[in-house]
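Visitor: When you get a sec, could you give me coordinates for this:
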Amino acid sequence: GCLFPADAAYISQLSDIGLRAGCVLAEKGARGHFSIDTVAVCDDSVSGDGSWRVFAVEVNARKGGTTYPAAITRLLTGAAYDEATGALLAGATSKYYLSTDNLSSEQYRALSVKQVVLAVSRAGLLFCSETRTGAVLHLLSTLGQFGKVGVTCIADSRSDAEALYLRVCSALNAAAAAVNTDDSVSFHGLVLPTNSRLDPNLASHSSTSNPGHAAAGSSPRYHPVDLDQSVHVLAASALDWAAAHGLMMHESGGSFVVAPLALTPHNWPRALFKQAVALAPLCNEMLNNVCREPQFIFDSLASCEADNYIGHLLAIARRAVKKPSLQDIELCLSRQDYMLHHDTNGVELKQVEINTFAASFTQFSTQITRLHRYLRDTTDQPAAQPEGASELPDNEAADAVAAALCAAYRQYLPRSGKRTVVAFVVLPAEHNVVDQRLLEHALWARERVLSRRYTLAQVYTAARLEGEHRALVIDDVEVAVCYFRAGNAQDFDSEREWRAWELIEQSYAIKCPGTLLLLAGSKKVQEALAVPGVLRRFLQGRSGDEVRKLADCFTRFVPPMKDSPEVRQVMANPDDYVMKPQRNGGGNNFFGSAIADAIASLPQWELSMYTIQAFIRSQPRPTWVVTPRSSVEPRLINGIPELGVFGAFLRDRTKEEPLLNVAAGHLVRTKDVGNMGGGVCCGAAVLDSPLLE
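Guide: Coordinates of the predicted model:
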């Protein structure tokens with residue numbers, strides 16, 4: 001276990017050892033986390049005054065046992081490490097924590113995860129986002145086998161952290177005594193220092209209190225329960241259903257595995273869900289109007305010209321503006337991603353980003369909702385049964401997206417006399433092929449629309465433009481709609497792929513999306529739209545209240561200008577921000593101290609290609625998940641959900657009003673609180689559903 005901060009008698013020595021070791025490792029090319037084991041010795045033999053000496057024992061080039069409590073405390077409280085004092089400061093308040101990963105007792109094996117969470121919650125001890133104090137439980141999956149649990153107790157003083165820890169121990173002991181025939185419960189946990197001012201026998205009567213804990217830490221609508229019982233049964237049923245209904249990911253070697261998924265849906269406030277769905281048509285309209293002013297896009301991305309990926313796209317878009325395609329129809333299948341931001345004012349909806357290109361899981365999102373509904377309706381396992389008034393909303397993403405592609409297909413006027421198809425532009429080795437194939441099958445079932453799949457390299461080799469309208473012909477078919485499922489920066493291996501992309505842009509095919517629309521969803525354009533007053537320019541037909549509702553969802557952006565007061569504030573409090581490049585697909589962002597390091601090391605021209613946004617602080621919830629790529633065993637994470645709302649927008653460049661503008665279903669992806677990057681395809685997130693409350 002650990003206590004933070006360290007004793008004032010030797011804290012400066014610890015900081016000095018860490019800094020010196022870090023400098024040496026950095027000089028040798030090391031990157032990432034490291035930890036140092038040290039021993040502190042009271043050296044009376046030297047000075048006779050009780051001075052302490054600290055000796056470094058070993059360096060571990062990895063995260064250590066104390067990495068998690070440090071990270072979770074900074075994440076949940078917004079505190080930043082102050083090098084001068086060795087303190088964690090949340091504003092002017094120092095944060096203290098006491099943590100252990102081995103609070104254990106043989107009697108705890110009889111407790112379910114639900115009982116542990118409820119015991120701590122009912123005692124009013126769970127972490128509260130309003131007071132930024134309380135207990136955070138982890139390692140809950142070890143209860144059944146080892147009878148142990150981890151806990152990090154966060155407070156505003158050392159004595160309060162110690163008191164909180166002892167109260168957690170008392171709550172668990174009482175819960176264990178209630179389910180064991182022997183009322184005496186012995187436990188092994190973190191040994192408090194001998195100078196602790198607390199009497200463990202008085203822990204349950206400590207005067208330390210945290211108003212609001214009971215409300216903020218109330219039990220989740222779905223029960224996290226004993227791993228050895230209900231969850232195993234539920235996981236087996238979920239895996240079978242997922243395999244039978246195509247919730248599968250493609251693996252190397254041609255095999256398939258069930259996609260990462262949550263076993264139960266994630267709580268989401270009903271009003272904020274409806275708000276996100278209602279904003280989808282508004283976002284679609286905004287994107288359409290932005291594309292009507294290409295110079296706004298070019299100006300917003302001017303600092304990114306040197307980026308190979310953005311630079312190519314800008315060049316293609318400029319040529320397309322000068323010599324536009326004869327095709328005036330364009331389809332946008334977007335996804336607007338949101339998270340719940342918790343602060344002292346409550347909970348509000350904040351937009352993470354807008355995806356105008358290759359928005360994944362349109363079919364899986366419907367399937368995961370059906371899976372959760374099936375588990376709820378057909379199993380008597382406690383883990384699948386919601387508590388209280390809640391709703392698992394219908395999710396018509398699969399049908400709505402297929403309907404939008406069919407609507408675009410109907411707008412196409414064939415030019416070559418050949419059979420027309422919807423062309424999916426895909427990766428050579430696509431993990432998400434089943435989700436895409438389900439959409440292809442839906443097009444055929446709905447309106448007998450035929451699909452073909454091509455890589456950009458295949459387009460380069462086999463495609464040609466025919467006739468005065470420049471119909472896009474590949475092999476023996478004419479492409480009516482070109483639906484891009486590939487085209488991220490990493491998908492361009494050579495100039496061949498770029499030539500294939502521009503050939504499609506120049507063609508008569510209906511693009512989903514065109515290059516301008518792809519760029520309209522970039523983070524730099526999002527930053528420009530967040531400038532006060534700019535959004536009004538692109539939503540002139542909407543009421544002031546509608547514009548305000550969308551603007552209120554934007555996070556605060558900080559222009560990445562070195563030495564500006566705003567950027568200095570970012571460097572002083574990096575945990576309050578996230579720094580993003582102009583890339584899709586996740587896994588490319590900077591968090592915490594890495595932001596300050598990047599700002600300090602990058603030249604201004606390169607720094608200008610990033611966006612810096614305020615960090616969205618969401619409240620984690622215990623979530624049972626299965627990630628079959630690594631293991632079919634269920635595991636418990638501290639899950640944070642991200643809600644994506646699909647939008648379908650079909651526009652004619654010659655007309656003011658859209659041909660189609662609707663919300664088209666939703667998707668929830670849930671990540672462990674400690675996992676900052678990546679998505680479902682790489683296993684960093686799981687597919688999930690919203691449970692409205």
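
Visitor: going forward, measure contacts and count neighbours with C-alpha atoms only.
Guide: Will do.

Visitor: Return the residues in contact with Pro690.
Guide: Pro690 is in contact with 265-268, 392-393, 643, 668, counting by Cα atoms under 8 Å, 6 or more residues apart in numbering.

Visitor: between these, which is closest to Tyr454?
Guide: The shortest approach to Tyr454 among the contacts of Pro690 belongs to Val668, at 28.8 Å (Cα to Cα).

Visitor: what about Ile640, which SS state?
Guide: strand (DSSP: H, G, I helix; E, B strand; the rest coil).

Visitor: returning to that earlier point: just the buried ones out of the contacts of Pro690, please.
Guide: Listed as buried from the contacts of Pro690 are 265-268, 392-393, 643, 668; burial here means 16 or more other Cα atoms under 10 Å.

Visitor: what about Glu285, is that helix, strand or coil?
Guide: helix.

Visitor: I'd say it and Gln540 touch.
Guide: No: counting by Cα atoms under 8 Å, Gln540 is not a contact partner of Glu285; they are 10.3 Å apart.

Visitor: more neighbours, these two?
Guide: Relative neighbour count places Glu285 above the other of Glu285 and Gln540, with 21 against 12, counting by other Cα atoms under 10 Å.

Visitor: pLDDT of the helix or strand hosting Arg167, averaged?
Guide: Element membership for Arg167, per DSSP states H and E: helix 158-179. Over the span of helix 158-179, the pLDDT mean works out to 86.

Visitor: what about that helix, distance to the chain center?
Guide: Computed by Cα atoms, centre = their mean, to the nearest Å, the chain-centroid distance of helix 158-179 equals 32 Å.

Visitor: Can you name the residues that contact the closest residue to Glu396 other than its chain neighbours?
Guide: Spatial nearest neighbour of Glu396, chain neighbours left out: Gly665 (5.2 Å); criterion: Cα to Cα, 6 or more residues apart in numbering. The contact partners of Gly665, by Cα under 8 Å, 6+ apart, come to 362, 366, 395-398, 400, 645-647.

Visitor: Surely Ile354 is in contact with Asp337?
Guide: Yes: the criterion here is Cα under 8 Å, and Ile354 meets it with Asp337 at 6.3 Å.

Visitor: roughly how far apart are Lys562 and Met571?
Guide: In this view, Lys562 and Met571 are 10 Å apart by Cα to Cα, to the nearest Å.

Visitor: sorry, back to before: Asn661: which of the contacts of Gly665 is nearest?
Guide: When the contacts of Gly665 are compared against Asn661 (criterion: Cα to Cα), the nearest one is Gly647, at 7.4 Å.

Visitor: What strands line up against the helix or strand that contains that closest one, and which way round?
Guide: Using DSSP H and E, Gly647 falls within strand 631-652. Next to strand 631-652 in the sheet, as set by DSSP bridges, lie strand 329-343 (antiparallel), strand 621-627 (antiparallel), strand 660-672 (antiparallel).

Visitor: Between those strands, which one is closest to Ala177.
Guide: strand 621-627 (23.8 Å).

Visitor: any idea where the strands of the stretch 301-450 of the chain begin and end?
Guide: With DSSP state E, counting those that start in this stretch as the criterion, the stretch 301-450 of the chain has strands at 329-343, 346-355, 419-425.
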